[in-house]
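S.K.: Dropping the sequence and predicted coords here.
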Amino acid sequence: MDKAVLLMTGLLLLPLGDAALLSRADAEVSINIGIGAPLPPPVIVVERPPEVVLIPGTRVYFAPDIGDSELFFYSGYWYRRHGSAWYRAARYDGSWIHLPPRRVPVVFVKLPKGYHRDYDRHERMPYGKLKKEWKKAEREHRKHEKERHRNKRDHDD
């Protein structure tokens with residue numbers, strides 16, 4: 001409490017030319033207004049459900065027509081990056097929650113370079129088709145992963 005009073009006193013005396021008091025207080029007190037929480041991402045307006053493109057070699061879909069924002073669909077959720085922060089939502093148009101780095105799916109770290117430039121040669125998938133097919137694709141992926149692990153385990157025995 002004394003440090004905060006000292007800081008406030010220093011701020012009040014600064015216009016009077018007593019900068020030495022402020023320097024001493026400033027060296028002793030650190031105030032973090034954000035408490036480490038990132039700012040919410042800028043609002044993006046998605047007027048209609050976005051078309052997506054499957055990023056080759058991944059199970060991540062990219063919405064190329066969202067302007068400067070990066071909007072992804074992966075494993076039933078929408079993701080977006082703003083600066084170094086990641087956000088997730090159940091819907092493409094909102095309620096974004098911040099993800100701490102340990103909760104960001106590793107697949108986003110491994111996205112191929114240039115995915116956002118090379119999408120023109122790949123098929124665009126309408127939102128309705130994405131909603132119908134992503135669960136089927138996830139089941140197939142899990143099935144193949146189980147088979148791969150089973151084969152590896154059988155081979156190791």
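M.R.: Everything's here; your move. As the structure is a computational prediction, the values presented were derived from the model and not from experiment. Numbers count the residues shown, from 1 in each chain.

S.K.: From here on, just use CA atoms for contacts and neighbour counts.
M.R.: Noted.

S.K.: Mind naming the longest helix for this structure?
M.R.: helix 127-156 (DSSP state H).

S.K.: can you tell me the average pLDDT over that one?
M.R.: Mean pLDDT, helix 127-156: 79.

S.K.: Show me how far it is from its chain's centre.
M.R.: Taking CA atoms, centre = their mean, to the nearest Å, the mean C-alpha location of helix 127-156 is offset from the chain mean by 24 Å.

S.K.: Show me what counts as buried in it.
M.R.: 127, 130, 134 (16 or more other CA atoms under 10 Å).

S.K.: Kindly report the same for stretch 78-90.
M.R.: 78-81, 85-89.

S.K.: Which elements pack onto the longest helix of the chain?
M.R.: If contacts are counted by 3 or more CA pairs under 8 Å, 6 or more residues apart in numbering; DSSP states H and E, helix 127-156 sits against no helix or strand.

S.K.: What strands flank the helix or strand hosting Trp78, and is each parallel or antiparallel?
M.R.: Using DSSP states H and E, Trp78 maps to strand 77-82. Sheet pairing of strand 77-82 (DSSP bridges) gives strand 70-74 (antiparallel), strand 85-89 (antiparallel).

S.K.: what does the last one contact?
M.R.: Read that as strand 85-89. With contact meaning CA atoms under 8 Å, 6 or more residues apart in numbering, strand 85-89 is reached by 38, 41, 77-81, 95-101, 104.

S.K.: Look at Arg117 and give its secondary structure.
M.R.: Using DSSP: H, G, I helix; E, B strand; the rest coil, the structure places Arg117 in coil.

S.K.: Would you quantify the distance from it to His149?
M.R.: Computed as CA to CA, to the nearest Å, the Arg117 to His149 distance reads 34 Å.

S.K.: can you check Ser69 too?
M.R.: From Ser69 to His149 the distance is 37 Å (CA to CA).

S.K.: circling back to that earlier point, and which of the buried residues of stretch 78-90 is nearest Val45?
M.R.: Proximity of the buried residues of stretch 78-90 to Val45 (CA to CA) peaks at Arg80, which lies at 13.2 Å.

S.K.: Name whatever forms a beta bridge with that closest one.
M.R.: Leu71, Tyr87.

S.K.: Tell me which residues touch it, please.
M.R.: 69-72, 86-88.

S.K.: centroid residue for the chain?
M.R.: Centroid-nearest residue in the chain: Trp86, 1.7 Å away (criterion: CA atoms, centre = their mean).
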